[in-house]
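>>> Mind folding the following:
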Amino acid sequence: MNKTIAALVAVTTIAGSLVSVTPPAKAGDGNVAAGVAAGLIGGALVGGAIASSRPAYGGPVYVVEPPPPAYGGCYWQRQRYWDGYGWVIRPVRVCY
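Numbers count the residues shown, from 1 in each chain. Next up is the predicted model:
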C-alpha cells in the first residue's frame, strides 16, 4: 500500500511539473531604452566615484634593516673527494 501511494505521488508530481509551463519572457514590448539609460547613468555615477577616490597607498616609512648574522659568513668552495671509483669534485658550503 505504501509503495502504491509513493508511486502515485511521484507520478502526480512529475505530471504536474510537465503541465505547468511558464510563458516565455518578454522585454515589455521591446521598450529597453529605460534600461539602457539607467545602465549608462549608473555606470557614470560609479565610474565617477571610483575615479575621484583617494589613492590606497600610504606615505614613506622608515624600515630597519635586519642585523648581520652572528657568524662570520659562508661561501661555496670546490672540494674533491674519493668516492671509491675515482676523484669527484663537488661544491661545498663552508661557514666560519
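>>> which regions of the chain sit below the pLDDT cut-off?
Residue ranges of the chain with pLDDT under 70: 1, 17-31.
>>> Strands of that one, start to end?
Shown for the chain, the strands assigned by DSSP state E span residues 74-82, 87-95.
>>> Output the ones you listed in TSV, with mean neighbour count and distance to residue 58 appended to each entry.
Glycine gets a C-beta too; all of them are placed from N, C-alpha and C. Formatted as TSV, the strands of the chain follow (neighbours: other Cβ atoms under 10 Å; distance: least, Cβ to Cβ, whole Å):
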stretch	mean neighbour count	distance to residue 58
strand 74-82	9	37
strand 87-95	10	39
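>>> I'd like those strands laid out as JSON lines, including distance to residue 51.
As requested, these are arranged in JSON lines below (distance: least, Cβ to Cβ, whole Å):
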{"stretch": "strand 74-82", "distance to residue 51": "52"}
{"stretch": "strand 87-95", "distance to residue 51": "54"}
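>>> Spatially central, which residue of the protein would that be?
Nearest to the geometric centre of the chain sits residue 56, at 20.8 Å (Cα atoms, centre = their mean).
>>> Please report how far that residue lies from residue 62.
From residue 56 across to residue 62, the span is 21 Å (Cβ to Cβ, to the nearest Å).
>>> just residue 72 next, same as before
Residue 72 sits at a distance of 29 Å from residue 62 (criterion: Cβ to Cβ).
>>> Looking only at neighbour counts, state which of those two leads.
A side-by-side neighbour count of residue 72 and residue 62, using other Cβ atoms under 10 Å, places residue 72 first with 9 against 4.
>>> Show the contacting residues for that one.
95-96 (Cβ atoms under 8 Å, 6 or more residues apart in numbering).
>>> phi, psi of it?
phi -60, psi -40 (degrees, to the nearest 10).
>>> Count residues in the vicinity of residue 58, would you?
Around residue 58 there are 6 residues (other Cβ under 10 Å).
>>> And for the one 5 residues further on?
By the other Cβ under 10 Å criterion, the neighbourhood of residue 63 contains 6 residues.
>>> before we move on, what about residue 59?
4.
>>> Measure how buried residue 40 is and give me the count.
10.
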